[in-house]
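A.B. asks: Give me the fold of what follows.
(2 chains)
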2 protein chains.
Amino acid sequence: MTTNPLHRLMNPFSIATFGAGNNFMKMGTMQALSILKDGYTGKFYPVHPREKEVMGHKAYDSVAELPEPPDLAFLVVPSSQVVPIMEELGKKGTLSAIIITAGFGETGEDGQKIQDRLNEISRQYGIRFLGPNCMGIINSEIALNTTVMPYPSAKGSFGFASQSGTYLTQTIPYLKKRRIRFSKAISVGNSANIDITDALEYLGEDKQTRAISLYIESIKDVRRFVEVARRITPNKPVLAQYVGGSSAGARSALSHTGSMAAPDHLYEGMFRQAGVIRVQSIEELYGYGNMLALQPALKGRRIGILTNSGGPGSAMANALEKAGLDVPRFSEALQSKIRPLVHDHAPCGNPVDLTFHLDIDTLTQKIPAIILESGEVDGLVLHGALRKGYLIEIYDHIKEALNNAPVEALLKDFQVIPEQSLALVSTYKKPVGISSFYDRDDDYTAAYQDHGMPVFDSPEKTAGSMAVLYRHFEVRQRPPWRPPAVPSPPAAALDLIRECRDQGQSNLDEYQSKRFLKAWGLPVNEETMVHSSEEAIQAADTLGYPLVLKASSPDIRHKTGKGFIHLGLDSADAVADAYGKIQNAAGKQVPVLAGRMLKGKREFVAGIVDHHGFGPSVMFGFGGIFTEALDDVVFRPAPLSIEDAGEMIADIRSKKLLGEFRGMPAVNTKTLAEIIHRLSLIPLAHPEIGEIDINPLIVEKDNLVAVDALVVLKKNRAER
Amino acid sequence: MTTNPLHRLMNPFSIATFGAGNNFMKMGTMQALSILKDGYTGKFYPVHPREKEVMGHKAYDSVAELPEPPDLAFLVVPSSQVVPIMEELGKKGTLSAIIITAGFGETGEDGQKIQDRLNEISRQYGIRFLGPNCMGIINSEIALNTTVMPYPSAKGSFGFASQSGTYLTQTIPYLKKRRIRFSKAISVGNSANIDITDALEYLGEDKQTRAISLYIESIKDVRRFVEVARRITPNKPVLAQYVGGSSAGARSALSHTGSMAAPDHLYEGMFRQAGVIRVQSIEELYGYGNMLALQPALKGRRIGILTNSGGPGSAMANALEKAGLDVPRFSEALQSKIRPLVHDHAPCGNPVDLTFHLDIDTLTQKIPAIILESGEVDGLVLHGALRKGYLIEIYDHIKEALNNAPVEALLKDFQVIPEQSLALVSTYKKPVGISSFYDRDDDYTAAYQDHGMPVFDSPEKTAGSMAVLYRHFEVRQRPPWRPPAVPSPPAAALDLIRECRDQGQSNLDEYQSKRFLKAWGLPVNEETMVHSSEEAIQAADTLGYPLVLKASSPDIRHKTGKGFIHLGLDSADAVADAYGKIQNAAGKQVPVLAGRMLKGKREFVAGIVDHHGFGPSVMFGFGGIFTEALDDVVFRPAPLSIEDAGEMIADIRSKKLLGEFRGMPAVNTKTLAEIIHRLSLIPLAHPEIGEIDINPLIVEKDNLVAVDALVVLKKNRAER
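C.D. replies: Here you go, the predicted model:
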């Protein structure tokens, strides 16, 4: 266990409220009602300037009057009162606060100043706080609910943290209807002091929590998030939705919680690196998070499908396979066990489709047991278990035939659902995903939900929940992670940057850039700077033909198509001729870089980008002249271990290029991963670097060589 | 109006049932109950071998006894009885039938034979039928429902056709809860006679139907589907889910309805060509289909966002922009109209976020009106309109403060929802998408749904519905479509194929292939066949240096890396030398193809594939040596008009290559579209062709030239 401030904040023995009175239309009062009425057994100290009693509890004039320092202070007061109250609380010795009040960092510069002042108070007195601009917490373990909505006291195993308070208030009725129950839920608001990474760490350490979902608009310290997530994700699944990656999403995030978002592809890479499973909607965040919290781990990719109807069976088969799972055809032996239980011609090969079949036990017990104990699947999806809901639905049509017997009489036989149906997961220790178009009107849907088996309202979502379980299975296979150590920069690298700064250059020229990378142990094309055609010919004799000559000057960044670059020079004459052409093109005497021409069909791109507020990321992808047109590049926040880099390179769409290619051997991915790993260390050792671009990184036989490279410095210190 | 058989089948004045009796646990009886009880006013003739009365209606022994030929026959009898009954019906003069019975084409060869026999009867007597292995129809216009589930008589505008009967039976309670109402719904089952394309055509012609959704496992005649869809989609939106594109999905489809599916990428291209909007789940098929049926067309891409909570606002902003829509920042003028209505600091720039705000009229009337009449948006999404559901939810917490006034007393003020809220769409003629986490427990959700404004249960789905509206807007912009005429094959092309057949070749060699394409007017690299090094040098003099020499022999299909191909030969010596090397590599005397070497960085691939059961498709994409690794190719069913081809080429991921590229001018997309168009005609003129592969199709300055090509014939006539 860490010293995470939420361990204390989430478990108070006493709570003081500020802003709760007796007018139940006020937000503070409604939140206090939740504290008082949902089962919390700690002490309750309302602080109120005028009322003598608040909802039957003695009220206190001020912090000073309180009989003891409250474990937790809960503030829903006008924004001007927040700072003075927090100071008093600090003096009193309170160590945790939740600030619901809005109007701080999200409103602009003035608000940000007050928010900064709150952090000063935090540092001075050691008082840690959630918010401002949040909705508080739910801790089902101690039945503490500070939100405006009543929360049922049932304990869940699904942990939730959110940069939107709505997702643990307005959605509570939605969650209740689906029996999605929080272990703990945390609204972090502006994350001024305690942020979403703290919430993740806390939920990771919380024993009650078995899976975690995060709604994210922006993360302040990406590297810390990755470190925390890497500790958690090998054991406990973490899901995230990120909405700040588009320009409209980023604008909305800024005005909502004052947070600075970054482009989607950077977060995508960050989640991959962190082992966090990304989802695209609040529905998935809840539904799949809850599924992972309740069901055992998937231990392979083979899924069985059992359905009472062909459409949902086909839809699940298709969705599962598209998500990378297998729907194996069942063995003849397994099919022959199923066949006697179903209609003639009913498909038994996976999907098993019972078609119109009214024996519910066949669908929910007999066949599931046969499939799950066969050893041929790692998980099962089941569609169409329904009974009571169906009967209610058709009652109007059949009541006459039943002499108008009341519907209740028909339903009386349906009070019990056999234990075997509900114990499938606990018996076979494999995940079972249920889908039904019936909600809790149906006794099967209700019973499944009440027994820890989530029911999805469309077959594709059930398949999707298996895909998320499978992604967690993959994350669990990752080797143990140690954050890579960042070494001190090599002296030669520091010299090159100093040289560049001294010359007033904004970037290292190509020759400097490659020497810089070489100093970091990266493989670069052997080159010499030449200053005459004679020197160029000498260089060819040393490096070997064919030769490449390029103008080398910090003011020439784009060389293509302008006569600054000459390839495939295969004779002394050709070298001398090209040298002269470069000088002509430049219109002045420029130094020329001579290098051996490499032959390789496969070209990659690698580099560093540094997005303001996100920090440096490594980039890797399909390189050469088509880099931009193909846009097949992936990103990861730096630094990367060699294993991380190995995962990253396999993420490109064109990963077939890493294998054997047109008679050439497979790329040495170990070497490539080592290169990406080393590259990833550079921006952390040199915070003054803003961008590195290696393109192409050519595959020549068994080697990988950086043929062109550029290192760009940050414009000014403010950017660092 | 066409002679579509469903016009008759869907509107019978009399129905004869076969298999309906008095045992309401039998499927046939349940279906007859639906006919009798859901409002249908036509005649009902139960045919039953033993019963004298069926559910109070006189029963008939046999078809012969019926007082008149019924307009529609409805068969739910054992499969062995289907053929004799259909024959009797044919003789009687009945022209429409629905065959619910399963056990035909979906079960294998024997079942297929009986299915074929049904089609013979159909041809003989003119009786058209739906099914077998289907669930029948719903026609809300005449309150006719033949499914096993009761269907409310309310008339909808959403047309639905499905290869799964479940999607118009088991899901009916689901649809009712969401107020999704069919105009007409059709279960096509095995599509033996009337198929999903007939259903599409019928729904396209049906005035009650304003949008159409299709659940598809396979389409029998792809070209007819495209033609029908192209007539409909410029006016009426058509959505489709296709699940047969994976191997598990295809296997499931085969056992479900006996249909032969094809890979996903072929269907993807087919839907694009048809103007059909593809969705990925049954939920989207229903929810978005219903949205399109009820709301006006979107006429631009600018969407306003109004929310009572930041999270849903950010999520919608992000999802909309990712889907290609705009979330424009509102003008200062517009913001200044909104600002007085909201809290200090509440964001007004789009999203407009009211935060915690209890005046529902501000959210649902005042601000929507301001935004919709501003002219700054083409549509609006609205989250968080809620009232009654919220009050019920918090009642337990506040009842004491209200002296335990019953909840009904609190709700009595909430009987009416102001007309303006519900008339937003009709007033401003722009689509409004609603999202709420409250279902019909809330009076706003219920009222919206009852007034033709679908309510989605998560903000991302509301954004998704706008994306679908936008896609329909794009489809409406397409130029009018005329199916391209397929010309007779040129004599030279026929000669080449005959020559190839005569020689016993399975494919045209490269030289033949290019002459074949040239005969079709496609631009190919100028080439000569040479039989000695002297002839090769002569060819160079004619064509120009540098030259390319390649072995040309039908038994040499893969030339790379084996000494069969020599590029960039820039002198007579080099040409002679290369010629000799080719002969050595072949180990025998082989003809050699001499061509000018083209220079172009950009290489595309184009071709024809012919998937069994789907028919020929055109292929286009990123070409050259990376074709396979990048897999950036798109498909369309042949034939394509020039406009279709223009759309197709813009679908590749690397479409930036079509623009200016590294100092070279943009590709002449008009010429490229013309090439793809011509290519698309070939397989229809030559059904004996199984595959065409042009790679690379090189861009040289302003020209596009096929540099390598292969035409492959089908193996035998059975494949044609």
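
A.B. asks: CA only for contacts and neighbour counts going forward, please
C.D. replies: OK.

A.B. asks: So for stretch A:473-483, mean pLDDT?
C.D. replies: Per-residue pLDDT values over stretch A:473-483 give a mean of 93.

A.B. asks: So which residues of the stretch 601-720 of chain A form helices?
C.D. replies: A:627-630, A:642-649, A:669-685 (DSSP state H, counting those that start in this stretch).

A.B. asks: likewise the stretch 451-600 of chain A?
C.D. replies: All helices of the stretch 451-600 of chain A, identified by DSSP H, counting those that start in this stretch, fall at A:459-476, A:491-502, A:510-519, A:533-543, A:572-586.

A.B. asks: how about JSON lines for those helices, with mean neighbour count added?
C.D. replies: As requested, these are exported to JSON lines (neighbours: other CA atoms under 10 Å in any protein chain shown):
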{"stretch": "helix A:459-476", "mean neighbour count": "24"}
{"stretch": "helix A:491-502", "mean neighbour count": "15"}
{"stretch": "helix A:510-519", "mean neighbour count": "22"}
{"stretch": "helix A:533-543", "mean neighbour count": "18"}
{"stretch": "helix A:572-586", "mean neighbour count": "18"}
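
A.B. asks: Quick one, which of those gets closest to chain B.
C.D. replies: When the helices of the stretch 451-600 of chain A are compared by CA to the nearest CA, helix A:459-476 sits nearest chain B, at 6.0 Å.

A.B. asks: Please see if that closest one touches chain B.
C.D. replies: Yes: Helix A:459-476 comes into contact with chain B (CA under 8 Å from any CA of the partner chain), by way of residue A:460.

A.B. asks: Show me how far that helix is from its chain's centre.
C.D. replies: Relative to its chain's centre, helix A:459-476 lies at 15 Å (CA atoms, centre = their mean, to the nearest Å).

A.B. asks: ok, and what's touching that helix?
C.D. replies: The contact list for helix A:459-476 (CA atoms under 8 Å, 6 or more residues apart in numbering or on different chains) reads A:233-235, A:237, A:275, A:277, A:287-288, A:291-292, A:297-301, A:312-313, A:315-317, A:319-320, A:323-325, A:381, A:383, A:433-436, A:455-456, B:281-282.

A.B. asks: Could the C-alpha coordinates of stretch A:203-215 be exported in CSV?
C.D. replies: C-alpha atoms of stretch A:203-215 as CSV (Å, rounded to 0.1, in the frame of the first residue of the first chain):
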residue,chain,number,x,y,z
LEU,A,203,-8.6,1.5,-6.8
GLY,A,204,-5.6,-0.7,-7.9
GLU,A,205,-4.8,-1.2,-4.2
ASP,A,206,-8.3,-1.6,-3.1
LYS,A,207,-9.2,-5.2,-2.3
GLN,A,208,-12.9,-4.8,-2.9
THR,A,209,-12.2,-3.6,-6.5
ARG,A,210,-11.7,-6.3,-9.2
ALA,A,211,-11.8,-4.1,-12.3
ILE,A,212,-11.4,-0.4,-12.9
SER,A,213,-13.0,2.0,-15.4
LEU,A,214,-11.8,5.5,-16.0
TYR,A,215,-13.5,8.4,-17.8
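
A.B. asks: Show me which residues of that stretch are buried.
C.D. replies: By 16 or more other CA atoms under 10 Å in any protein chain shown, the buried positions in stretch A:203-215 come out as A:203-206, A:208-215.

A.B. asks: mind listing which of those are in helices?
C.D. replies: Those of these mapping onto helices are A:203-205, per DSSP state H.

A.B. asks: can you pull the contacts of the residue in the stretch 51-200 of chain A positioned nearest to chain B?
C.D. replies: Relative to chain B, the nearest point of the stretch 51-200 of chain A is residue A:164 (4.8 Å; CA to the nearest CA). If you count contacts by CA under 8 Å, 6+ apart, residue A:164 has them with A:134, A:187-189, A:215, B:309-311.

A.B. asks: swap the cut-off to 10 Å and go again
C.D. replies: Counting by CA atoms under 10 Å, 6 or more residues apart in numbering or on different chains, residue A:164 makes contact with A:133-135, A:186-190, A:215-217, A:253, A:256-257, B:309-314.

A.B. asks: With residue A:664 instead?
C.D. replies: By CA under 10 Å, 6+ apart, residue A:664 lies in contact with A:600-602, A:699-702, B:561.
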